[in-house]
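Peer 1: Sequence and computational prediction follow.
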Amino acid sequence: RRKGVYTHLELLDAHDWGLVLYDEVHLLPAPIFRMTADLQARRRLGLTATLVREDGREDEVFSLIGPKRYDAPWKDIESQGWIAPAECHEVRLTLPERDRMVYGTAEPEDRYRLAATAAGKSAVVRQILGKHPGEQTLVIGQYLDQLEELAEALHAPLITGQTTVKERQRLFADFRTGSIPVLVVSKVANFSIDLPEASVAIQVSGSFGSRQEEAQRLGRLMRPKADGKSAHFYTVVTRDTVDQEFAAHRQRFLAEQGYTYTIVDAEDLTSA
């Protein structure tokens with residue numbers, strides 16, 4: 001917007017389009033994207049793998065571009081070989097007594113961050129990496145200080161919103177070729193990146209209870225693997241906290257698609 005005017009939108013609106021395609025159409029109800037629904041077009045087609053919003057406004061997609069024309073559960077697409085099979089795991093760890101006291105006396109708005117960034121998660125991540133030697137792995141999280149600590153502990157590169165486009169492209173390219181086996185990424189990796197070689201993702205924290213984000217992160221692993229192996233999606237959760245409550249909510253969309261989560265205790269991870 002320049003001086004209150006969306007000059008590029010006016011340019012697009014000056015034409016009568018035959019077809020408008022909306023990728024990631026679940027984003028359309030947001031005000032900044034909603035304006036594009038006013039573009040003149042004979043036909044509109046929206047695409048998304050995750051027609052879900054935490055504000056409950058996904059139904060507005062239909063009023064903006066029309067009714068749903070096709071829907072397929074992820075498991076059906078998997079059985080046809082279009083996406084890789086995936087195994088989902090929830091790894092639960094217990095807060096030490098001293099940290100439970102801090103968590104219990106914290107303000108409600110601070111509790112998720114305290115639970116999601118529990119210090120014990122770093123050791124769990126290393127254990128998971130040990131179960132998948134040589135596999136291309138993404139470590140994904142919400143909080144930058146947590147991700148910086150993990151990147152340093154794992155001797156792995158870190159990509160955040162502050163990483164330049166040139167540097168992101170270089171790191172993604174090195175990950176695709178295998179010269180970088182582990183990549184730590186923030187939520188900037190939720191959308192629009194293609195990493196077909198990724199076969200393991202370890203989620204240490206997320207955007208509270210966002211089902212859409214959970215599905216997008218699993219989607220980073222969905223490209224079919226050359227060797228036919230399954231992908232593995234791990235969520236590391238702090239037991240008996242809001243972290244566990246949000247995890248249950250986040251998993252709901254994937255459960256509706258037919259996925260189940262194997263619950264593993266962090267103490268039993270080595271033998272699991």
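Peer 2: That came through, no problem.
Peer 1: ok, now how distant is the residue sitting nearest the centre point of the chain from A189?
Peer 2: Centroid check for the chain by Cα atoms, centre = their mean gives R217 as the closest residue, at 2.6 Å. Computed as Cβ to Cβ, to the nearest Å, the R217 to A189 distance reads 8 Å. The C-beta positions use only the backbone N, C-alpha and C, and glycine is treated the same way.
Peer 1: any residues in contact with both of these two?
Peer 2: Common neighbours of R217 and A189, counting by Cβ atoms under 8 Å, 6 or more residues apart in numbering, are I140.
Peer 1: What about I180? Give its phi and psi, please.
Peer 2: Dihedral pair for I180: phi -120, psi 110, per degrees, to the nearest 10.
Peer 1: how close does it sit to Q127?
Peer 2: Taken as Cβ to Cβ, the span from I180 to Q127 is 21 Å.
Peer 1: Name the helix or strand of this protein that has the lowest mean pLDDT.
Peer 2: helix 7-13 (a mean of 81; mean pLDDT, DSSP states H and E).
Peer 1: next SSE after that one?
Peer 2: strand 17-23 (DSSP states H and E).
Peer 1: mind listing what that following strand pairs with, with the direction of each?
Peer 2: Here strand 17-23 is paired, per DSSP bridges, with strand 41-47 (parallel).
Peer 1: and the strand it pairs with, which residues are buried?
Peer 2: 41, 44, 46 (16 or more other Cβ atoms under 10 Å).
Peer 1: JSON lines please, covering the residues you listed and showing pLDDT.
Peer 2: Shown next, in JSON lines, are these (pLDDT from 0 to 100):
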{"residue": "A41", "pLDDT": "89"}
{"residue": "R44", "pLDDT": "93"}
{"residue": "G46", "pLDDT": "95"}
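Peer 1: Any chance of TSV for the residues you listed, columns distance to T238?
Peer 2: As requested, the buried residues of strand 41-47 are arranged in TSV below (distance: Cβ to Cβ, whole Å):
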residue	distance to T238
A41	48
R44	43
G46	37
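Peer 1: related to what we said a few turns ago, looks to me like the residue nearest to the centre of the chain is in a helix.
Peer 2: Yes. Assessed with DSSP: H, G, I helix; E, B strand; the rest coil, R217 lies in a helix.
Peer 1: Which positions in the longest helix seen in the chain come out as buried?
Peer 2: Ranked by residue count, the top helix of the chain under DSSP state H comes out as helix 165-177. For helix 165-177, the neighbour count (16+ other Cβ under 10 Å) marks 168, 171-172, 175 as buried.
Peer 1: before we move on, what about stretch 230-238?
Peer 2: By neighbour count with 16+ other Cβ under 10 Å, stretch 230-238 contains the buried residues 231-238.
Peer 1: remind me which residues of the stretch 101-250 of the chain are low pLDDT?
Peer 2: Scanning the stretch 101-250 of the chain for pLDDT under 70 picks out the ranges 192.
Peer 1: Tell me where it has helices.
Peer 2: 108-116, 121-131, 144-154, 165-177, 211-219, 242-250 (DSSP state H, counting those that start in this stretch).
Peer 1: what's around D110, how many residues?
Peer 2: 11 (other Cβ atoms under 10 Å).
Peer 1: State the distance from it to L147.
Peer 2: Separation of D110 from L147 (Cβ to Cβ): 19 Å.
Peer 1: Who are the contact partners of Y103?
Peer 2: Applying Cβ under 8 Å, 6+ apart, the residues near Y103 are 95, 111, 114-115, 241.
Peer 1: my guess is L183 meets R168, correct?
Peer 2: No. Using Cβ atoms under 8 Å, L183 is not in contact with R168; the gap is 10.4 Å.
Peer 1: Quickly list what's touching both of the two.
Peer 2: Joint contacts of L183 and R168 (Cβ under 8 Å, 6+ apart) are I159.
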